[in-house]
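>>> Give the three-dimensional model of this entry:
(one chain, ligands or ions: 1)
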Amino acid sequence: MLKVDTEKCTGCGECEESCTFEAIFVEDEVAVVNQDACTLCGICVDGCPEGALELHVEEGLLAADLSSWKGIWVVAECRSGVLAPVTLELLAKSRELAGELGTEVTAVLMGHEIESKAQELIFYGADRVLVVNHPELATFTDEVYGNILADLAKKENPEIILAGATAMGRSYIPRVATILETGLTADCTGLDIRAEDRALLQTRPAFGGNLLATIVCPGHRPQMATVRPHVMRADAPDPGRKGDVIRILPGEELLSHRVQVLESVKEQAEGPNLSEADVIVTAGRGFEQEKNVELARELADLLGGTVGATRAAVDAGWLPGRTQIGQTGVTVSPKLYMACGVSGAIQHIVGMQGSAIIVAINKDAEAPIFDVATYGLVGDVKEILPLLIQRIQKERGS
Ligand SMILES: Cc1cc2nc3c(=O)[nH]c(=O)nc-3n(C[C@H](O)[C@H](O)[C@H](O)COP(=O)(O)OP(=O)(O)OC[C@H]3O[C@@H](n4cnc5c(N)ncnc54)[C@H](O)[C@@H]3O)c2cc1C
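Next up is the predicted model:
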């Protein structure tokens with residue numbers, strides 16, 4: 001928390017002026033902190049001419065305690081008998097991190113009739129798989145999944161726990177972090193290790209996506225993060241990999257829950273799934289009018305792909321919200337991403353920068369999208385797209 005030394009404070013108001021969160025103000029000639037609004041950014045501390053402000057960091061674990069936490073856990077997600085792609089992506093990343101830490105990777109697999117997936121997790125990078133197989137886990141509930149994962153973590157003390165920032169992960173992983181009294185960085189787009197203290201460097205968009213913040217959890221364990229699907233790459237499975245499968249029977253007290261799932265209804269979406277498409281043609285505000293978006297559809301159809309959108313195109317009502325790519329939309333990593341009339345705002349880039357080949361078409365040669373593009377075409381989408389469409393049709397003889 002942010003503390004004010006009232007003896008030193010002169011009520012000069014420097015802190016009030018420097019705080020963009022309006023979390024500190026001067027009252028009766030002394031600084032007063034609204035702890036709920038304070039983000040502990042420390043700007044006021046540095047700017048206080050009297051040295052009257054201090055960031056008081058809650059004491060966590062001592063260095064000796066920290067060293068007793070070992071191993072990286074990946075929370076495996078398995079729906080309808082299929083492992084979520086993000087699980088495989090996290091296993092590949094965890095192998096890299098485990099190499100730096102000199103530790104092992106454990107996958108935690110919870111569900112019903114999921115045992116056959118344990119071997120698959122080993123092929124994709126797990127050294128051990130903790131399998132919790134129980135009829136009560138056939139339907140997902142935050143309480144039961146959260147209780148079991150937290151209970152396992154309390155018994156085994158993993159150094160790091162990673163999960164997908166999926167609907168499921170976003171729902172129950174915060175519960176686990178709360179039970180374990182540790183921090184959680186949600187929606188990470190990058191993970192690394194700081195060699196000197198083994199800290200997990202957790203990078204995610206911050207301040208409306210205008211910058212990427214790297215967050216550490218210095219005094220608590222485990223270090224927990226959820227990671228967006230498709231921002232990391234899965235390794236190819238290695239059927240020769242060996243590992244241990246450990247079956248765990250959950251205690252009855254962990255299986256009780258107050259929420260009853262009555263029915264699960266699958267959303268009926270039209271067209272190919274954006275996050276699984278190999279080719280995406282994205283329409284930005286540069287299309288100028290809704291009718292021009294037809295050009296993106298035509299090109300996507302020809303390439304066997306689908307159409308994506310920037311938020312500007314969605315806000316204009318040209319394309320539905322589910323096609324939005326970026327920080328508040330879907331994260332994609334197709335083989336070919338065509339950004340047409342897209343400026344390349346950071347909130348958009350974080351959702352598509354993992355694409356294998358990025359082609360940008362923009363009439364402004366200085367547009368930031370060209371910084372991440374593999375190929376760039378400077379010009380009007382209304383002129384370039386018809387030429388591309390004609391050329392592809394000609395090559396195919398249609
Ligand atoms: C908290 C937050 C979350 C956000 N989340 C997302 C998100 O998930 N996804 C997202 O996309 N945005 C998101 N945004 C919005 C983002 O900041 C940008 O405003 C948005 O991405 C811009 O969309 P755009 O590139 O289509 O439009 P613009 O930025 O207006 O760019 C249009 C581009 O088209 C070019 N152009 C114009 N006419 C033509 C033409 N005829 N031919 C070729 N090029 C042309 C222009 O040179 C320009 O570069 C978010 C913003 C915030 C604050």
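
>>> Poorly predicted segments of this structure, please.
Applying pLDDT under 70 to the chain flags the ranges 57-64, 208-209, 267-272, 398.

>>> Domain-wise, how is it divided?
Domain ranges of the chain: 2-55, 63-253, 274-395, per automatic domain parsing.

>>> Tabulate those in CSV, adding columns for distance to the ligand and mean neighbour count.
C-beta coordinates here come from the backbone N, C-alpha and C atoms, glycine included. Output for these, formatted as CSV (distance: least, CB to the nearest ligand atom, whole Å; neighbours: other CB atoms under 10 Å):
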stretch, distance to the ligand, mean neighbour count
domain 2-55, 15, 15
domain 63-253, 4, 18
domain 274-395, 2, 20
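
>>> closest one to residue 266 among these?
Closest to residue 266 of these, according to CB to CB: domain 63-253, at 9.6 Å.

>>> Now find how far off-centre the closest one is within its chain.
Computed by CA atoms, centre = their mean, to the nearest Å, the separation of domain 63-253 from the middle of its chain amounts to 13 Å.

>>> all helices for the stretch 251-398 of the chain, in order.
Counting by DSSP state H, counting those that start in this stretch, the stretch 251-398 of the chain has helices at residues 252-255, 293-302, 311-315, 346-349, 369-372, 381-395.

>>> Quick one: closest of those to residue 54.
Of all these, helix 346-349 comes closest under CB to CB, at 33.2 Å.

>>> who are the neighbours of the closest one, in terms of helices and strands?
Of the remaining helices and strands, none touches helix 346-349 by 3 or more CB pairs under 8 Å, 6 or more residues apart in numbering; DSSP states H and E.

>>> Could I get the full set of strands for the stretch 1-150 of the chain?
Per DSSP state E, counting those that start in this stretch, the stretch 1-150 of the chain carries strands over the ranges 2-4, 24-27, 30-33, 53-55, 72-76, 78-79, 82-83, 105-111, 128-133.

>>> okay if I get those as TSV plus distance to residue 219?
As requested, these are arranged in TSV below (distance: least, CB to CB, whole Å):
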stretch	distance to residue 219
strand 2-4	17
strand 24-27	24
strand 30-33	21
strand 53-55	13
strand 72-76	19
strand 78-79	33
strand 82-83	34
strand 105-111	23
strand 128-133	26
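
>>> between the ones you listed, which one is nearest to residue 359?
Closest among those, once you apply CB to CB, is strand 82-83, at 31.0 Å.

>>> Just the CA coordinates for the longest helix that the chain contains, please, in PDB.
Counting residues, the longest helix in the chain under DSSP state H turns out to be helix 85-101. Provided in PDB are the C-alpha atoms of helix 85-101 (Å, rounded to 0.1, in the frame of the first residue of the first chain):
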ATOM      1  CA  PRO A  85      -4.700 -26.000 -28.700                       C
ATOM      2  CA  VAL A  86      -3.600 -23.600 -26.000                       C
ATOM      3  CA  THR A  87      -2.600 -26.600 -23.800                       C
ATOM      4  CA  LEU A  88      -0.200 -27.800 -26.400                       C
ATOM      5  CA  GLU A  89       1.100 -24.300 -26.900                       C
ATOM      6  CA  LEU A  90       1.700 -24.000 -23.200                       C
ATOM      7  CA  LEU A  91       3.500 -27.300 -23.000                       C
ATOM      8  CA  ALA A  92       6.000 -26.100 -25.700                       C
ATOM      9  CA  LYS A  93       6.600 -22.900 -23.900                       C
ATOM     10  CA  SER A  94       6.900 -24.700 -20.600                       C
ATOM     11  CA  ARG A  95       9.600 -26.900 -22.000                       C
ATOM     12  CA  GLU A  96      11.600 -23.800 -22.900                       C
ATOM     13  CA  LEU A  97      11.100 -22.300 -19.500                       C
ATOM     14  CA  ALA A  98      11.900 -25.600 -17.700                       C
ATOM     15  CA  GLY A  99      15.100 -25.800 -19.600                       C
ATOM     16  CA  GLU A 100      16.100 -22.400 -18.200                       C
ATOM     17  CA  LEU A 101      15.000 -23.300 -14.700                       C
END
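
>>> Go through the strands of the stretch 1-150 of the chain and name the closest to residue 197.
Minimum separation from residue 197 across the strands of the stretch 1-150 of the chain (CB to CB) falls at strand 72-76, 16.1 Å.

>>> so what strands line up beside the closest one?
strand 105-111 (parallel), strand 160-164 (parallel) (DSSP bridges).

>>> Please name whichever of the helices of the stretch 251-398 of the chain is nearest to residue 240.
helix 252-255 (35.4 Å).

>>> same for the closest one, what does it pack against?
Counting contacts by 3+ CB pairs under 8 Å, 6+ apart, helix 252-255 packs against helix 142-156.

>>> what's next to the helix it packs on, contact-wise?
Applying CB atoms under 8 Å, 6 or more residues apart in numbering, the contact partners of helix 142-156 are 71, 73, 75, 106, 108, 110, 130, 132, 136-137, 161, 168, 171-173, 175-176, 179-180, 222, 248, 250-251, 254-259.

>>> Over to stretch 240-249?
The contact list for stretch 240-249, computed with CB under 8 Å, 6+ apart, reads 115, 118-119, 121-123, 125-134, 152.

>>> Against which helices or strands is the longest helix of the chain packed?
Counting contacts by 3+ CB pairs under 8 Å, 6+ apart, helix 85-101 packs against strand 72-76, strand 105-111, strand 160-164, strand 190-194, strand 223-227.

>>> If we ignore the residues flanking it in sequence, what's nearest residue 261?
residue 139 (4.7 Å; CB to CB, 6 or more residues apart in numbering).

>>> And that neighbour, how close does it get to residue 147?
Distance of residue 139 to residue 147, given as CB to CB, to the nearest Å: 15 Å.

>>> How many neighbouring residues does residue 1 have?
11 (other CB atoms under 10 Å).

>>> ok, so what distance separates it from residue 55?
8 Å.

>>> shared neighbours of the two, which are they?
In contact with both residue 1 and residue 55: residue 40, using CB under 8 Å, 6+ apart.
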